[in-house]
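In: one predicted model, sequence on top.
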Protein chains: 2
Amino acid sequence: MKNFVYEIPTKIIFGKGQIAKIGGEASRFGRRVLLVYGMGSIKKNGVYDQVMASLGDSGLDVVEFSGVRSNPVLSHARKGIESARREKIEVVLAVGGGSVIDEAKTIAAGVFADHDPWDFFTYKKVIEAALPILTVVTMSASASEMNGSAVMTNDETAQKFSTRSIHLYPKTSILDPTVLYTVGADYTAYSAVDAITHMLEGYFNGAELFNPLQDGLVENLTRVLMDNTAVNLKNPMEYDARANSMWATTLAFNGLTTAGIGRAPLPVHMIEHSLSAIYDIAHGAGLSIVLPGWMKFALPEKYPKIAHFGRRIFSIEEEDDMEAARRGIEALKAWFVSIGSPVSLAEGNIPEEDIGKIAANAATLADVWGLTDYKSPVIESILEQCR
Amino acid sequence: MKNFVYEIPTKIIFGKGQIAKIGGEASRFGRRVLLVYGMGSIKKNGVYDQVMASLGDSGLDVVEFSGVRSNPVLSHARKGIESARREKIEVVLAVGGGSVIDEAKTIAAGVFADHDPWDFFTYKKVIEAALPILTVVTMSASASEMNGSAVMTNDETAQKFSTRSIHLYPKTSILDPTVLYTVGADYTAYSAVDAITHMLEGYFNGAELFNPLQDGLVENLTRVLMDNTAVNLKNPMEYDARANSMWATTLAFNGLTTAGIGRAPLPVHMIEHSLSAIYDIAHGAGLSIVLPGWMKFALPEKYPKIAHFGRRIFSIEEEDDMEAARRGIEALKAWFVSIGSPVSLAEGNIPEEDIGKIAANAATLADVWGLTDYKSPVIESILEQCR
């Protein structure tokens, strides 16, 4: 076990009927609230009305800032920072999925910065303060509601980078699984792909190949996500399945499953970020394309662990580790296919002739993240496995 | 899944060499530190010197308050409260195991109370404030280093009751597994028994009989504790085994495995509290006596879950649920025997003729906890299964 610091100060309020508590939670931190949301789906599914009613009951002043896109862009976040400064905002409330939460975090930190917020994502600057952030989750995938990370796309450079800070942990996040009833089959699937990929990056890339405590957590949460995603796709309004998926998704990337495994790189996310930065593909869809390809690339070094994964998750009985590992990758791809998530560049409408361009883009992120093993030619060879 | 609030504000600093950070952590909260510890074992294993050096480096004023016994008593905590008031203490630092931490919590809350601290344990009064609490863990079992609970024995009434509050979560806890190298075989075993029992109370007593997400966490952590306890007993200075046990013990009762299962009663703890209140038996030893007896008592209602437990933890292949459940209980008892923890009242030197007296004592706690199903005759019938 490697030394670690585990500090997750976010308060989670989980369950049906809980959105009504957002006003009371927000009022602990200030009166002037910047309400950050996306393209308006929260006005169709009733969440906007629930949030506004609760904020009104608590007598809070609300300034709306909408139009956050999936794969949120820096140019829009800059406008949010201006708005927050102009309106003397005290609390940033994100109502949405990971994209909305990540842009809200960027705004909350950007308000205190005397430089462009992109410097936080290139790690030229460290986040030393942020406005209090609260969230009402409408799409469960990124675990941004319970971690200190944010991912943004610089729409001038087509780079999708991330940052992290203890100041970016939301103070309170409200997770009401009934909100997921209206999430479509595509994003229901992508959500599970994202959460499972989050966990598997740590599972395969820890300092040691095997970590029984953390591995067991990952395997259990992966099975829970697979079992319940099948139910969610069949019956989108079954509460317990949505609830189990929602909570598993949050636990998948809040630091629980990685504490003690050492610093684990995220090569699959690194490469996927380039796909969604260049082609604006849904993050989960990009991940289901890259993950099996990366696993094939990693076979020579990681096959005993990939074999273990195949046995634990897909009950593969093959005794030979390399063969069990290969079957494990195929079983994972088959599961992605079963939930409707793409498993090749072509299925994701990514031109295969762009592999060089994608790899060059991803290499700039590898450089920022200090992943010295992932030069452009290596990334190309991984992308070749994603054809 | 039941609605829940998950809020664990404790910062964990885990690993070798980390005790040196306690001064820096404590200085975030104040200058005048009450150092709470037990009977002096920390002076033998070097922890006291490490803590004092770090507090000195941070320029903190230290007032020592020692002599906390296992199964800590109210009369001693009252003296600690007096000392904290007299010395104008700003931070309470517990260096020890669950007993020391729980008494430190009682002192931290008691300082602000205009009534006897026992009122918190009978739930006549609610804890509304506490001094900041920090811990350096020297015996890993109770998870008190990462939860808001405290257990104290009233030495006038021979009642061992508990209380809880968000204010009782330690601000920072430092867990250095090397500190466990000198923990003897007996308490190494009791620690695992305590942690596993914590988890199984929730596992068997949730609002629903099965909760796949939470059950999987419990099963994994239980296996980790069993596997690593075997190593700890054989080779007490193997770092990774101590580390895995230590972290699993903390996760076993910090709220992770119970979030979403509803309010789960703790009948085994309830009964054991009477054993240690009356006979001053080690808490873990008392639990390994009561748990199998309670499981036998619970068979008619819970046998499908106990069977599931037996299959998942002990690979029992029996198809009949009732028979698999019986074998699961026997396998658990056999495991307790294998680590040297007692499995009958006689082995714990508890007079069997006292069953009525023990049950009457436990019934007063059942009353405080609102466990209306556990009247004295019911508790007697459970204790009959512990012969």
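Out: Cool, got the structure. Numbers count the residues shown, from 1 in each chain, chains lettered A, B, ... in the order given.
In: excluding chain neighbours, what is closest to the residue nearest the centre of chain A?
Out: Nearest to the mean C-alpha position of chain A, counting by Cα atoms, centre = their mean, stands A:Ser142 at 2.4 Å. The spatial neighbour of A:Ser142 that comes closest, neighbours along the chain excluded (Cβ to Cβ, 6 or more residues apart in numbering or on different chains), is A:Gly98 at 2.9 Å. No exception for glycine: its C-beta is placed from N, CA and C like everyone else's.
In: pull the number of nearby residues for the one you found.
Out: With neighbours defined by other Cβ atoms under 10 Å in any protein chain shown, the count for A:Gly98 comes to 28.
In: if I look at it, how far off is chain B?
Out: In this structure, A:Gly98 and chain B are 19 Å apart, going by Cβ to the nearest Cβ, to the nearest Å.
In: show me what contacts A:Arg223?
Out: With contacts taken as Cβ atoms under 8 Å, 6 or more residues apart in numbering or on different chains, A:Arg223 has the following neighbours: A:313, B:212, B:216.
In: so which of these is the closest to B:Asp155?
Out: If you rank the contacts of A:Arg223 by distance to B:Asp155 using Cβ to Cβ, B:Gly216 comes first, at 41.1 Å.
In: tell me the one of the contacts of A:Arg223 nearest A:Gly24?
Out: Nearest to A:Gly24 among those: B:Pro212, at 32.0 Å, using Cβ to Cβ.
In: quick one: contacts for that closest one?
Out: With contact taken as Cβ under 8 Å, 6+ apart, B:Pro212 is in contact with A:223-224, A:227, A:244.
In: again, only this time at 6 Å
Out: In this structure, B:Pro212 makes contact with A:Val224, judged by Cβ atoms under 6 Å, 6 or more residues apart in numbering or on different chains.
In: check what pLDDT it gets.
Out: The model reports B:Pro212 with a pLDDT of 96.
In: so how far is B:Arg78 from it?
Out: From B:Pro212 over to B:Arg78 the distance is 46 Å, taken as Cβ to Cβ, to the nearest Å.
In: and for A:Asp354?
Out: The spacing between A:Asp354 and B:Arg78, counted by Cβ to Cβ, is 73 Å.
In: ok, A:Gly293 next?
Out: The span separating A:Gly293 from B:Arg78 equals 65 Å under the rule Cβ to Cβ.
In: so which of these two has more stuff around it?
Out: Under the criterion of other Cβ under 10 Å, the comparison of A:Gly293 against B:Arg78 puts A:Gly293 first, with 23 against 16.
In: neighbours of A:Lys124, how many?
Out: Other residues near A:Lys124 come to 11 when the count uses other Cβ under 10 Å.
In: do you know how far it is from A:Thr163?
Out: Counting by Cβ to Cβ, the separation of A:Lys124 from A:Thr163 is 10 Å.
In: joint contacts of these two?
Out: Taking Cβ under 6 Å, 6+ apart as the contact definition, A:Lys124 and A:Thr163 share no neighbouring residue.
In: what does the stretch 151-300 of chain A put close to chain B?
Out: A:212-213, A:216, A:220, A:224, A:240, A:243-244, A:248 (Cβ under 6 Å from any Cβ of the partner chain).
In: now do the strands in the stretch 1-150 of chain A.
Out: A:4-6, A:11-14, A:32-36, A:61-65, A:91-96, A:133-137, A:149-154 (DSSP state E, counting those that start in this stretch).
In: what score does the residue nearest to A:Ser142 have for pLDDT?
Out: In this model, A:Gly98 is scored at 96, pLDDT.
In: avg pLDDT for the helix or strand hosting A:Ala307?
Out: Assigned by DSSP states H and E, A:Ala307 belongs to helix A:283-314. Computed over helix A:283-314, the mean pLDDT rounds to 98.
In: elements contacting that helix?
Out: Contact analysis of helix A:283-314 by 3 or more Cβ pairs under 6 Å, 6 or more residues apart in numbering or on different chains; DSSP states H and E lists helix A:185-205, helix A:267-279, helix A:321-338, helix A:376-384 as its packing neighbours.
In: ranking the residues of the stretch 151-300 of chain A next to chain B by neighbours, who comes first?
Out: Neighbour counts for these (other Cβ under 10 Å) peak at A:Ala248, which has 28 neighbours.
In: mind telling me what element that residue is part of?
Out: Per DSSP H and E: A:Ala248 is located in helix A:239-251.
In: which residues does that helix contact?
Out: Helix A:239-251 is contacted from outside by A:140-141, A:143, A:146, A:175, A:177, A:180, A:195, A:221, A:224-225, A:228, A:231-232, B:1, B:213, using Cβ under 6 Å, 6+ apart.
In: which among these end up buried?
Out: Of the members of those, the ones counted as buried by neighbours, 16 or more other Cβ atoms under 10 Å in any protein chain shown, are A:140-141, A:143, A:146, A:175, A:177, A:180, A:195, A:221, A:224-225, A:228, A:232, B:1, B:213.
In: quick one: which two of those are the most distant?
Out: By the measure Cβ to Cβ, these have their two most distant members at A:Met146 and A:Asn232, which lie 20.3 Å apart.
In: quickly note the distance from the residue of the stretch 51-200 of chain A found nearest chain B to B:Ile196.
Out: Using Cβ to the nearest Cβ, the closest approach of the stretch 51-200 of chain A to chain B is made by A:Pro177 at 7.5 Å. Distance of A:Pro177 to B:Ile196, computed by Cβ to Cβ: 30 Å.
In: among the buried ones among the contacts of helix A:239-251, which one sits closest to A:Thr153?
Out: Within the buried ones among the contacts of helix A:239-251, distances to A:Thr153 taken as Cβ to Cβ reach their minimum at A:Ala141, with 16.4 Å.
In: contact partners for the closest one?
Out: Contacts for A:Ala141 were tallied using Cβ under 6 Å, 6+ apart; they are A:98, A:191, A:194, A:249.
In: so what pLDDT did it get?
Out: In this prediction, A:Ala141 carries a pLDDT score of 92.
In: in stretch A:233-250, what's buried?
Out: Of the residues in stretch A:233-250, those scored as buried under the neighbour-count criterion (16+ other Cβ under 10 Å) are A:233, A:236, A:240-250.
In: chain center to that stretch, what's the gap?
Out: Stretch A:233-250 has its average C-alpha position 17 Å from the chain's average C-alpha position, going by Cα atoms, centre = their mean, to the nearest Å.
In: one more: stretch A:17-27?
Out: Between the mean C-alpha point of stretch A:17-27 and the mean C-alpha point of its chain there is a distance of 24 Å (Cα atoms, centre = their mean).
In: what do you get for stretch A:116-123?
Out: Distance, stretch centre to chain centre, for stretch A:116-123: 19 Å (Cα atoms, centre = their mean).
In: one more: stretch A:83-101?
Out: Centroid separation for stretch A:83-101 versus its chain: 18 Å, with Cα atoms, centre = their mean.
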